[in-house]
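**Q** Everything below, folded, please.
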Amino acid sequence: MSHPVVVIGAGLGGLSAAIHLRMRGFDVIVLEKNSQPGGRANRIDDRGYLFDTGPSLINYPWVFEQLFAASGATMGEYVRLMPVDPSVKFYWREGKTLCLSSRFDGLAEEFSNFEEAADVKIARFIHDTAHRFRVVFDHLVTRNASSVASWIAPVPKRELFRLGLFTTLDRQLKRYFRSERIRAALGSYAMYLGASPYELPGTFSILPFGELYYGLWYPRGGIYSLVRAIEQRAREIGVELRYNAPVSAITTTGTRVHGVQVATGEFVRADVVVSNVDVPTTYQLLGRNPSSRSWPMTPGVITFYWGISADIPQLHHHCIFLPSNVRQAYKQLKERIPDDLPFYTCLPSRSDPAVAPEGKHTLFVLVPTPTISQAGESFDWDRAVSLAREQVLARLHHHSVALSASSIEVEHVWTPRDWSQRFGLYDGSAFGLSHTLMHMGPLRPSNRDPQIAGLYYVGASTTPGTGLPMVVLSGRMTAERIWNDTRR
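**A** Coordinates of the predicted model:
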């Protein structure tokens, strides 16, 4: 290849693609508009408080180990993962709580507060879903397929109907648990995938299973320590990374990519361009109109980054505060911020005191919102921030978490508009394209552009989907596709 591969964006998907391509012999240049890598998984450093801006936990740690191994290194030489157990604590307004754990006895004890014969039901759920998990990962998740038929071809036909593709997540969970509280907790992952547990395919029961079976992990120093470790490894093997280099256009000659135009005026010639920006946002760099087709996106978020001067011992590392009426909240989220606000908190300083000044805490709060277009042009985001802050503090106080506004000595707030402007997130969607039945596998936008030769995609809006492990796998899949195409 006469020209280097250009990767637009130094998110984890882009870095993963860059590493895999470099290890296959390509010269690779990564162009990042911001001053540091990570994309959504970024960092704020303010007066000794270190905030991970987006993802706050690691699941499927072997995916990251495989990335380092592919580069000829061992992950443990670069970053240390610490288990977080119990993993997540759920709160209901009525006073009930539920802690998830990868320890069977602890999980059974928690579930027994809501479900009779909890140990038997958990065992059956884990046994059945472990099989489903292996089928999905072994045959579907990491396959580049051009059609549904070729995608499902390796799956034994008797297994297809056991995957839960044709039922909902809630109905799948209901086969094991009668408790609505347990199903609400295990089904809460649906929000991050752009639907409710009453709409999302039952296949996604593998998500709560994965957390229960394999646990949650926290990189010492925060998620950003993992980002920096991957960036370091990319540099070590010869990937060129350029920061403060926003791409303003992807240029083409006929139906073939020609290179990229950088906002600084530089033109970088390339026979292959990989975009780590959302697919519809990339369309804008091509002069296409993304609104010409439907893009069902995951929700937006308002994120609060609070430096807390007081101790808050009641909060676990990861907490989710669920509304009394979960169905109503999911329904309202499609057009406005729900009346009974669901939200997520992460207190990394509980496990890693180094991310906050001595005796203080770093608290991350994520509030789901509609996307920018769902909220409408007249939506007042400043007012939404004020109301969300009030509701979060009131809900914490309701659960005897002694956090007052006066204890917040550092605050940063990002709305969907901020997320869109900083990282090119289409429509302010926090997690990329949704994962409804019609947007799984080859029904998602392909990682190879169907019209322009040499243009590829990586990240949350292509295959296999959203989440840190998935975008890292996406980098491998896109690199494999480029390698096969260039060999032909």
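
**Q** helices and strands of the chain: which one bottoms out on pLDDT?
**A** helix 157-160 (a mean of 83; mean pLDDT, DSSP states H and E).

**Q** Following element in sequence after that one, please.
**A** Stepping forward along the backbone from helix 157-160, the first helix or strand reached (DSSP states H and E) is helix 169-174.

**Q** Output the contacting helices and strands for the next helix or strand after that next one.
**A** Counting by DSSP H and E, the next helix or strand C-terminal to helix 169-174 is helix 180-186. Here helix 180-186 touches strand 88-92, strand 97-100, helix 169-174, strand 318-322, going by 3 or more Cβ pairs under 8 Å, 6 or more residues apart in numbering; DSSP states H and E. In this view, the C-beta of every residue, glycine as well, is placed from N, C-alpha and C.

**Q** May I see the ones you listed organised as JSON lines, with distance to H397, mean pLDDT and mean neighbour count added?
**A** Formatted as JSON lines, these follow (distance: least, Cβ to Cβ, whole Å; pLDDT from 0 to 100; neighbours: other Cβ atoms under 10 Å):
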{"stretch": "strand 88-92", "distance to H397": "12", "mean pLDDT": "97", "mean neighbour count": "20"}
{"stretch": "strand 97-100", "distance to H397": "16", "mean pLDDT": "97", "mean neighbour count": "20"}
{"stretch": "helix 169-174", "distance to H397": "31", "mean pLDDT": "97", "mean neighbour count": "22"}
{"stretch": "strand 318-322", "distance to H397": "12", "mean pLDDT": "97", "mean neighbour count": "22"}
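
**Q** coming back round to it: what comes into contact with the least confident helix or strand of the chain?
**A** Under the criterion Cβ atoms under 8 Å, 6 or more residues apart in numbering, residues V135, I152 lie in contact with helix 157-160.

**Q** can you rerun that using 10 Å?
**A** The contact list for helix 157-160 (Cβ atoms under 10 Å, 6 or more residues apart in numbering) reads H131, R132, R134, V135, V136, H139, I152, F166.

**Q** Dump the helices and strands packed on helix 180-186 into CSV; add distance to V79 as well.
**A** Shown next, in CSV, are the helices and strands packed on helix 180-186 (distance: least, Cβ to Cβ, whole Å):
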stretch, distance to V79
strand 88-92, 22
strand 97-100, 24
helix 169-174, 32
strand 318-322, 19
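
**Q** Relative to V260, which of the ones you listed is closest?
**A** Smallest distance to V260 across the helices and strands packed on helix 180-186 (Cβ to Cβ): 38.7 Å, for strand 318-322.

**Q** wait, what's in contact with H412?
**A** H412 is in contact with I44, D46, Y49, F51, T53, T303, F304, Y305, W306, G307, D418, counting by Cβ under 10 Å, 6+ apart.

**Q** Just the buried subset of those residues, please.
**A** Neighbour-count burial (16 or more other Cβ atoms under 10 Å) is assigned, among the contacts of H412, to I44, Y49, F51, T53, T303, F304, Y305, W306, G307, D418.

**Q** which among those residues gets closest to E409?
**A** Proximity of the buried ones among the contacts of H412 to E409 (Cβ to Cβ) peaks at G307, which lies at 5.3 Å.

**Q** Please report phi then psi for the nearest residue to that closest one once chain neighbours are set aside.
**A** Excluding its sequence neighbours, the residue lying closest to G307 (Cβ to Cβ, 6 or more residues apart in numbering) is V410, at 3.0 Å. Torsion angles at V410 (phi, psi; degrees, to the nearest 10) stand at phi -140, psi 130.

**Q** quick one: V410 from G221, how far?
**A** V410 sits 18 Å away from G221, going by Cβ to Cβ, to the nearest Å.

**Q** Kindly report the same for R93.
**A** To G221, R93 is 35 Å away according to Cβ to Cβ.

**Q** These two - which one has more neighbours?
**A** Between R93 and G221, G221 has the larger neighbour count (other Cβ atoms under 10 Å), namely 19 against 13.

**Q** what's near enough to touch the more buried one?
**A** G221 neighbours (Cβ under 10 Å, 6+ apart): R43, L50, D52, V79, R80, R228, A229, P348, D352, A354, V355.

**Q** go on, P342?
**A** P342 touches 184, 188, 191, 320-323, 326, 329-330, 333, 366-368, 395, counting by Cβ under 10 Å, 6+ apart.

**Q** just the buried members of the contacts of helix 157-160?
**A** Buried subset of the contacts of helix 157-160 (neighbour count, 16+ other Cβ under 10 Å): R132, V135, V136, H139, I152.

**Q** Of the residues you listed, which is the nearest to G39?
**A** Nearest to G39 among the buried ones among the contacts of helix 157-160, counting by Cβ to Cβ, is V136 at 25.4 Å.

**Q** secondary structure element for that closest one?
**A** With elements taken from DSSP H and E, the one containing V136 is helix 118-136.

**Q** for the next helix-or-strand element following that helix, which positions count as buried?
**A** Once helix 118-136 ends, the next helix or strand along the chain (criterion: DSSP H and E) is helix 148-152. Using 16+ other Cβ under 10 Å as the test for burial, helix 148-152 gives W151, I152.

**Q** What of stretch 205-221?
**A** For stretch 205-221, using 16+ other Cβ under 10 Å, the buried residues are 205-212, 215-219, 221.
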